[in-house]
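# Fold the following, please.
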Amino acid sequence: MQYNNEECIEILKRLIEANKERIKHYSESIKSMDNDIDREVILKFEELAQQSQQFKAQLTPLIYREGDVEHDNSSINTQVLHTNNHEPKTRRRNELLQTSVAFEAELLTIYKEVNRCNGMIDEQIKELIFSQATLVSESQNEIAQLIQD
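Take a look at the predicted model:
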């Protein structure tokens, strides 16, 4: 199925871009972490990046035909902290986790905005979006819990 409704296409593009940013955020965050100390966090971030990759892959065929080029219309403000070799690793970990909690909150805001416009989206896609929004909410809580640990 492919959508022709321009508003619906824009909504789906926004979700695709937000998930591309999520993938980028977690991939960059992983690069700046210590593989030994931050193993649990790295595994969680890899899981979240994979989750977004799968969701993006489900949405992309709905609006892009094979051979079409996706445009980068980033809809989320990402802030990935750069590595500072002089910072203690535990401080670095907490900063990345706090940034990720804020990132998930911003991503969840996009899902809520999309939910307000879902009258033009068929039920199957609504369920997919709702399911992903639930996962984002759970992820935000899980990351916040990692800060506490």
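# Name the residues of the least confident helix or strand in the chain by mean pLDDT that come out as buried.
In the chain, the helix or strand scored least confidently by mean pLDDT, DSSP states H and E is helix 89-116, which has a mean of 86. Neighbour-count burial for helix 89-116, counted by 16 or more other Cβ atoms under 10 Å, picks out 92-93, 96-97, 99-101, 103-104, 106-108, 110-111, 114. For glycine as for every other residue, the C-beta is placed from the backbone atoms N, C-alpha and C.
# any idea of the angle the next helix or strand after it forms with helix 89-116?
Next helix or strand after helix 89-116 toward the C-terminus (DSSP states H and E): helix 123-148. Angle between the axes of helix 123-148 and helix 89-116 is 160 degrees (criterion: axes from the mean of the first three to the mean of the last three Cα atoms, to 10 degrees).
# gap between helix 123-148 and the chain center?
On the basis of Cα atoms, centre = their mean, to the nearest Å, helix 123-148 sits 10 Å off its chain's mean C-alpha point.
# list the helices and strands it packs on?
Applying 3 or more Cβ pairs under 8 Å, 6 or more residues apart in numbering; DSSP states H and E, we find helix 123-148 packed against helix 6-31, helix 39-63, helix 89-116.
# residue closest to the middle of the protein?
The chain has Arg22 as the residue nearest its centroid, 3.1 Å off, counting by Cα atoms, centre = their mean.
# ok so, going back, possible to save the helices and strands packed on helix 123-148 as CSV with distance to Ile147?
As requested, the helices and strands packed on helix 123-148 are arranged in CSV below (distance: least, Cβ to Cβ, whole Å):
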stretch, distance to Ile147
helix 6-31, 14
helix 39-63, 10
helix 89-116, 5
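# All set, thanks.
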